[in-house]
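Peer 1: heads up, no residue letters with this:
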C-alpha cells in the first residue's frame, strides 16, 4: 500500500465518520434524543467491532474489511468478531485470499445492478487454536445453483462448505489462530 492509497483510505474513513456525526447532529437539532441515543449506540457498537477486528492482528484482513465497501459497488459488507485474545497473523493472507476469491466469483456471475449484502463472522470453535469463518452473501442471485457449483469447484487453502440459505449463500471454513 503506497502513500496515495493510505490517504485515500483515510479520506473514506473520515467521510464515513463525518456522515455519522452529521446524522447525529441533525437529530439533535430536531430534539430527537431517542434517535441520537440510538445512533450513538450504533457508533459505539461499530467501533467496538472494529477494535476486536484490529486485536486479531490480521493486518490484511483489517485493510480488506475497511476498504471493502469502497472497492465493491455491488456489495455491502458488515462483520462481527465473536472471539477475544486470538491472533490470526499466521493465516491472515490466506483468509483474505479465500474471501476475495469467493466475492470475486460471485461478482462475476451476477447482474451488476444487483446489490448483495455480505456478512463476515469470525467465531470461536471447540478447539482453541481454530476460528470458524462464515461469509454469507445475501441477495437476488440470477442462478444460485450455478454459483454454488462454481464455489464448490474453487481450489482453496481452507476446505469450505457452501450452504444454500433462504436469503443467499453461506460459506464456512476454519482457520488456524494463535492464543
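Peer 2: Here it is on my side, so go on. Keep in mind that what you see is a predicted model, and the values were worked out from it rather than measured.
Peer 1: Can you give me the distance of the closest residue to residue 160 other than its chain neighbours to residue 86?
Peer 2: Spatial nearest neighbour of residue 160, chain neighbours left out: residue 173 (4.2 Å); criterion: CB to CB, 6 or more residues apart in numbering. Every residue, glycine included, has its C-beta placed from N, CA and C. Residue 173 is 16 Å from residue 86, where distance means CB to CB, to the nearest Å.
Peer 1: What of residue 136?
Peer 2: The gap separating residue 136 from residue 86 is 21 Å, by CB to CB.
Peer 1: and if you look at residue 31?
Peer 2: Distance from residue 31 to residue 86, by CB to CB: 44 Å.
Peer 1: The two: who's more crowded?
Peer 2: Counting neighbours by other CB atoms under 10 Å for residue 31 and for residue 86 shows that residue 86 has the greater number, 20 against 9.
Peer 1: Verify the contact between that one and residue 127 for me.
Peer 2: No - counting by CB atoms under 8 Å, residue 86 stays clear of residue 127, with 11.3 Å between them.
Peer 1: Now do the contacts for residue 91.
Peer 2: 58, 175, 176, 177 (CB atoms under 8 Å, 6 or more residues apart in numbering).
Peer 1: pLDDT score for the first one?
Peer 2: By that I understand residue 58. Looking at residue 58, its pLDDT is 95.
Peer 1: This completes my enquiry, with thanks.
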